[in-house]
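[1] Kindly return the folded structure for what I paste below:
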Amino acid sequence: MQDAASRLKTLFEQLSGASLPVRLRAWDGSTAGPPEAPVLVVRNRRALRRLLWKPGELGLARAWVAGDLGIDGDLYAVLDLVAEHVWERDEDARSLAEALRAPDARAAIRGLLKLAGPAVLLPPEPPAEEVRARHRHTRHTDRRAVSHHYDVGNDFYEAVLGPSMVYSCAYWSAADGTTTLEAAQRDKLDLICRKLGLTPGTRLLDVGCGWGSMAVHAAREYGVNVVGVTLSQEQAAYARKRVADEGLTDRVEIRVQDYRDVTDGPYDAISSIGMAEHVGADKYLEYAEDLYRLLAPGGRLLNHQISRRPQRDERMYSVDGFIDAYVFPDGELAPVGTTVTQLECAGFEVRDVESLREHYALTLRAWVTNLEARWAQAVALVGPARARVWRLYMAASALGFERNRIGVNQVLAVRPPEGGASGLPLRARTWGA
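    Sure thing, here's the model as predicted:
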């Protein structure tokens, strides 16, 4: 009788019609697959049961988060090798179901059922870290989604993000390791300040202010008055302490407040950095209109947002199952063209769009390096399952940016004053650097 790894290799190749791209090590100690390839460790039969009950990405994610699957070697290499069989298949549920009706596939599934053991009749419980998102985007559900992602402990975020405590794409001057993550994040904040044309006395609203990095930088370096809003109690407490430690309490106010409830405009400038992904497609025009309302005529908006590739039929778009269940509940990505159109529909004049796609890949790899270097600390802070969530999500996202499956863009827009003058220089791309 074949050992478990050899049987898994045969079953994989029957189901996929392709050679096994990685080496397998099974729960019985057996191995199979290319000898020099990185190793995917199948620690128990429960991993198979998860895949049988939830074929594809979500089943793999559950097995990874629960510790039923592991990787011995380069995580990026394994993800890259399996990507075409998981993330890049581009199959909907109906086409997958049809493929599984083929005789070879049905035989392979019977083999998997036998290998998974008698407990396969009962679906394994999802890991406790999984949430069920509904994409309603009410104030209550948005607050709950933000709390799930951000209120896991500031110490954990410090371990991953480093001293800058900026949780968005950095702006790298070099990709060869000569630029530090902290320098690249400082340069990103400064780039945004220059695009917004901040000067002493400017009134800035920072929507989704995180741990206060943008607010502190703008107030300290440009002398502006800042209101930062977040839905996270833990972020707000951390940001307020930073503001106090910097001696900026007279110029920076941090609120736990929904941006839709901000009524003390107009502001001269608004920064929204890595927040709009939480808004949702159905609410995006409302988001744009709210920011337009809060800006003074001639005021600038800098919208820094992750994007996805457009689809020929946008009705076929579905939210990434792993990200939705474990990372950003209720998050949705839009093509950059859709974002620009919605901002224009709200009344903005879009003046500049800059892609930072490669910059985000570098940022994510730096965060993964931080997490792996502080793995024991991270596990002690949030538990092994959530630490595994973050390692997988950041590494897979880095590859997504590198392979142009997702992007990130800074969109600079102006609320046009009467008469139409934008207030920007004729050749603005230097941004006063």
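[2] Secondary structure element holding Glu358?
    Per DSSP states H and E: Glu358 is located in helix 357-373.
[3] gap between that helix and the chain center?
    12 Å (C-alpha atoms, centre = their mean, to the nearest Å).
[4] helix or strand right after it?
    By DSSP H and E, the next helix or strand past helix 357-373 is helix 375-382.
[5] show me where the stretch 201-350 of the chain has helices.
    Under the criterion DSSP state H, counting those that start in this stretch, helices of the stretch 201-350 of the chain are mapped to 213-222, 233-245, 284-294, 321-322, 336-345.
[6] Please produce CSV containing the ones you listed, extended by mean pLDDT and distance to Asp80.
    Heads up, the C-betas are built off the backbone N, CA and C, glycines and all. Shown next, in CSV, are the helices of the stretch 201-350 of the chain (pLDDT from 0 to 100; distance: least, C-beta to C-beta, whole Å):
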stretch, mean pLDDT, distance to Asp80
helix 213-222, 98, 31
helix 233-245, 96, 33
helix 284-294, 97, 32
helix 321-322, 82, 16
helix 336-345, 98, 25
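[7] deepest of these, which one?
    helix 213-222 (a mean of 23; mean count of other C-beta atoms under 10 Å).
[8] which SS class is the closest residue to Glu158 other than its chain neighbours?
    Leaving aside its chain neighbours, Glu158 sits nearest to Met165 (6.6 Å; criterion: C-beta to C-beta, 6 or more residues apart in numbering). Assigned with DSSP: H, G, I helix; E, B strand; the rest coil, Met165 falls in the coil class.
[9] got it, and the one 10 residues further on?
    Three states are possible here, and by three-state DSSP the one that applies to Ala175 is coil.
[10] count of neighbours near the residue nearest to Trp431 when sequence neighbours are not counted?
    Ranked by C-beta to C-beta, 6+ apart and with sequence neighbours excluded, the top spatial neighbour of Trp431 is Arg194, at 3.9 Å. A count of nearby residues for Arg194, using other C-beta atoms under 10 Å, gives 16.
[11] how close does Arg194 get to Thr178?
    22 Å (C-beta to C-beta, to the nearest Å).
[12] Kindly report the same for Val229.
    36 Å.
[13] So those two - more neighbours on which side?
    Neighbour count, other C-beta under 10 Å: between Val229 and Thr178, Val229 has more, with 22 against 9.
[14] ok, what's across the strand from the more buried one?
    Beta-bridge pairing for Val229 (DSSP bridges): Val207, Arg255.
[15] ok, now which ones touch it?
    By C-beta atoms under 8 Å, 6 or more residues apart in numbering, the contact list for Val229 reads 205-209, 254-259, 262.
[16] can you check Ala325 too?
    Here Ala325 is in contact with 58, 61, 126, 130-133 (C-beta under 8 Å, 6+ apart).
[17] Please report the distance of it from Val120.
    Distance of Ala325 to Val120, computed by C-beta to C-beta: 22 Å.
[18] which outside residues touch stretch 219-228?
    Taking C-beta under 8 Å, 6+ apart as the rule, stretch 219-228 contacts 190, 193, 198-206, 209, 212, 214-215, 218, 239, 243, 246, 248, 251-255, 262, 264, 267, 269.
[19] Show me the shaky parts of the chain.
    1, 85-108, 133-151, 432-433 (pLDDT under 70).
[20] re the thing from before, give me the subset of the contacts of stretch 219-228 lying in strands.
    203-206, 252-255, 267, 269 (DSSP state E).
[21] Any of the contacts of Val229 buried? List them.
    The neighbour count (16 or more other C-beta atoms under 10 Å) marks 205-209, 254, 257-259, 262 as buried among the contacts of Val229.
[22] ok, for Arg46, nearest residue in space, not its chain neighbours?
    Asp68 (5.0 Å).
[23] residues near that neighbour, how many?
    Around Asp68 there are 23 residues (other C-beta under 10 Å).
[24] Please shift the residue numbers so they start at 23 in all later answers.
    OK, 23 is where the count begins now, so the last one is Asp90.
[25] Name the helix or strand for Asn431, please.
    Using DSSP H and E, Asn431 falls in strand 428-436.
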